[in-house]
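Novice: Predicted coordinates and the sequence they were generated for:
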Amino acid sequence: MGILNVTPDSFSDGGRYLSAAAAVECGVAMADDGADVIDVGGESTRPGARRIPVDTELARVLPVVRDLSRRGLTVSIDTTRAVVADAAVRAGAALVNDVSGGLADPAMAEYIAAVGLPYIAMHWRAPSRTMAQHTFYRDVVADVVRELGARVEALVDAGVKPNRILLDPGLGFAKTTAHNWQLLGRLEELVALGHPVLVGASRKSFLGDLLGGRTPVPPAARDAATAAASALAAAAGAFCVRVHDVASSLDAVRVADAWTSASVPNHR
Ligand code: PMM
């Protein structure tokens with residue numbers, strides 16, 4: 001999944017696309033590089049970010065979703081708002097990526113149940129503005145697995161088919177650097193819930209901290225580390241990785257695939 005943030009302030013690619021045409025060009029380039037899905041988002045979720053008006057979000061994402069969909073690309077809409085999801089789906093989006101797992105908008109679960117599209121439910125505890133105050137866990141992996149399990153239950157109660165739900169541990173969302181590593185190192189525990197798992201490690205600050213120590217390396221210098229995380233996530237059973245640089249992660253995932261396939265005796 002290639003990341004296409006049509007925002008002025010996302011941490012890595014914010015402000016890159018001054019026009020819908022420039023964003024579309026980048027989406028097409030990611031598809032050419034091998035992305036199966038282009039994830040279009042119009043609202044930054046970086047720590048501390050404030051909400052934007054719904055009209056602003058719609059104006060940012062709809063022309064991009066429409067154009068990419070018309071070109072035959074599979075588009076997901078990265079939003080926590082049911083009205084934005086609905087408008088994007090009408091413009092051609094084929095799946096909904098909700099970083100709040102349905103918690104930010106009480107209308108989302110019912111909307112997903114009605115529309116019947118695949119839905120990515122990410123682990124989330126609070127809006128970006130305050131999420132740094134919600135990083136207390138007894139055991140982050142067990143707690144995230146339990147809280148996501150509760151989201152699945154609520155979604156299914158609202159009528160969403162279980163086989164439409166993908167899960168995401170929400171790296172960096174109400175998580176410390178140590179939490180992110182634990183979630184990756186024990187990804188199998190989330191995979192064991194039986195839903196396809198998406199991992200979004202791309203260029204996140206825990207990678208910058210690892211590489212740079214006291215002076216984190218900048219987001220654009222984190223793609224090799226992202227690719228390593230993509231390979232290890234794939235080997236641990238992830239279904240999808242959400243990345244800025246598609247080519248390097250695709251190579252990495254191919255290596256992981258060849259490696260894990262060959263670990264079965266008599267594999268040809
Ligand atoms: N991370 C960001 C935004 N959307 N969606 C999912 N499913 N998983 C994530 O980890 C995730 C996300 C953070 O911002 P970015 O778009 O700049 O990477």
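Specialist: Received, thanks. Numbers count the residues shown, from 1 in each chain.

Novice: hmm, who's touching the helix or strand encompassing Trp181?
Specialist: Applying DSSP states H and E as the criterion places Trp181 in helix 177-185. Residues from elsewhere that reach helix 177-185 (C-beta atoms under 8 Å, 6 or more residues apart in numbering): 135, 137, 140-141, 144, 169, 171-172, 175, 190, 199, 201, 204-206, 209-210, 229, 232-233, 236. Every C-beta, even on glycine, is put in place using the N, C-alpha and C of the backbone.

Novice: Return the residues of the protein in contact with the ligand.
Specialist: 3, 5, 10-12, 41, 45, 78, 97, 99, 120, 122, 168, 170-171, 198, 200, 202, 242 (C-beta under 6 Å from any ligand atom).

Novice: What residues of the following helix or strand past the helix holding Trp181 count as buried?
Specialist: Going down the chain from helix 177-185, the next helix or strand is helix 187-191, by DSSP H and E. Of the residues in helix 187-191, Leu187, Glu189, Leu190, Val191 count as buried by neighbour count, 16 or more other C-beta atoms under 10 Å.

Novice: before we move on, what about stretch 126-136?
Specialist: Ala126, Pro127, Ser128, Met131.

Novice: got the CA coordinates for that stretch in CSV?
Specialist: This file holds the C-alpha atoms of stretch 126-136, laid out as CSV (Å, rounded to 0.1, in the frame of the first residue of the first chain):
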residue,chain,number,x,y,z
ALA,A,126,-7.4,9.1,21.5
PRO,A,127,-7.3,11.9,18.9
SER,A,128,-3.8,12.9,17.7
ARG,A,129,-3.9,16.1,19.7
THR,A,130,-4.0,14.2,23.0
MET,A,131,-2.8,10.7,22.1
ALA,A,132,0.6,11.2,23.8
GLN,A,133,-1.3,11.1,27.1
HIS,A,134,-2.6,7.6,26.5
THR,A,135,0.5,5.5,26.4
PHE,A,136,-0.1,3.5,29.6
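
Novice: could you give me the average pLDDT of that stretch?
Specialist: Mean per-residue pLDDT for stretch 126-136: 93.

Novice: Next: stretch 192-200.
Specialist: Computed over stretch 192-200, the average pLDDT equals 98.

Novice: Please compute how far it lies from its chain's middle.
Specialist: Centre-to-centre, stretch 192-200 and its host chain are 11 Å apart (C-alpha atoms, centre = their mean, to the nearest Å).

Novice: And the contacts of that stretch?
Specialist: By C-beta under 8 Å, 6+ apart, stretch 192-200 touches 1, 120, 122, 145, 148-149, 152, 162, 165-172, 184, 187, 190-191, 229-230, 233, 237-242.

Novice: Could you list which of those residues belong to helices?
Specialist: The members of the contacts of stretch 192-200 that map onto helices under DSSP state H are Val145, Leu148, Gly149, Val152, Leu184, Leu187, Leu190, Val191, Ala229, Ser230, Ala233.

Novice: Make CSV out of the residues you listed and add distance to Asp32.
Specialist: Below are the ones in helices among the contacts of stretch 192-200 laid out as CSV (distance: C-beta to C-beta, whole Å):
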residue, distance to Asp32
Val145, 36
Leu148, 33
Gly149, 38
Val152, 35
Leu184, 29
Leu187, 29
Leu190, 31
Val191, 30
Ala229, 23
Ser230, 18
Ala233, 23
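
Novice: Looking at the buried residues of stretch 126-136, which one is closest to the ligand?
Specialist: The shortest approach to the ligand among the buried residues of stretch 126-136 belongs to Ser128, at 9.1 Å (C-beta to the nearest ligand atom).

Novice: closest point of this structure to the ligand, which residue?
Specialist: Gly200 (2.3 Å).
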